[in-house]
Every structure is written in C-alpha cells, then in structure tokens.
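K.L.:
the following comprises the amino acid sequence and a computationally predicted model.
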Amino acid sequence: MDKTTIFSVQEMRQELILLTISEVVDALKFKGYNPTSQLVGYLITGDDKYITTFNNSRRKITMFNRDEILMAIINNYLGK
C-alpha cells in the first residue's frame, strides 16, 4: 500500500529561505564583505544595498520579507 507524504508549506518555505541565506552569505564572502554585518544591516534597515548583486543575491533575498527571514533564522537556531 502506498503511503501519502504530507509536506508543510511553511517548513518548505523556511528551508528555501535558509538555502537562500546560505547562497547570499557565500556571495558576500566571495566579494570580501562581512556577511553578518551586511545581513544585519539589511534586516534592520530594509536597504537592499547591503546585499551584493553578485549571483543575483539581492534579487534572491528580497523575494522574502524581512520578518520571514528573521523567523526562519530564529526557528533554525531553536531547532524548529
């Protein structure tokens, strides 16, 4: 008998956000920026110029609202 797998859209979106953050961090490091400072600057101010355009990083991260990004980071930290 086949089993149905249930996916949580919220969990999948959180994983996509975390993957995007990882890609953005790699791009920031490659360009010589401090990823922590740049991400904090972006999350606090909303100014996307903190994020490099290299590898479409700015476009990728702005696909999500800042609240979603913060929630994904905190949930990941808390193991949720």
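P.N.:
Here it is on my side, so go on.
K.L.:
for this structure, which spans come out with low pLDDT?
P.N.:
Filtered on pLDDT under 70, the chain yields the residue ranges 1.
K.L.:
report the longest helix in it, please.
P.N.:
Assignment by DSSP state H gives helix 9-30 as the longest helix of the chain.
K.L.:
does anything pack onto that helix? Which helices or strands?
P.N.:
Using 3 or more C-beta pairs under 8 Å, 6 or more residues apart in numbering; DSSP states H and E as the contact test, the elements touching helix 9-30 are helix 35-45, helix 57-61, helix 66-78. Every residue, glycine included, has its C-beta placed from N, CA and C.
K.L.:
show residues contacting that helix.
P.N.:
For helix 9-30, the external contacting residues (C-beta atoms under 8 Å, 6 or more residues apart in numbering) are 34-35, 38-39, 51-52, 54-55, 57, 60-61, 63-64, 68-69, 71-73, 75-76.
K.L.:
now list the buried members of those residues.
P.N.:
Among those, those classed as buried by 16 or more other C-beta atoms under 10 Å are 35, 38-39, 51-52, 57, 60-61, 64, 69, 71-73.
K.L.:
measure the residue positioned nearest the centre of the chain to Thr4 for me?
P.N.:
Central residue of the chain (C-alpha atoms, centre = their mean): Ile21, 3.1 Å from the mean position. Distance, Ile21 to Thr4, using C-beta to C-beta, to the nearest Å: 31 Å.
K.L.:
list the buried ones in stretch 11-25?
P.N.:
Applying 16+ other C-beta under 10 Å to stretch 11-25 flags 14, 17, 20-21, 24-25 as buried.
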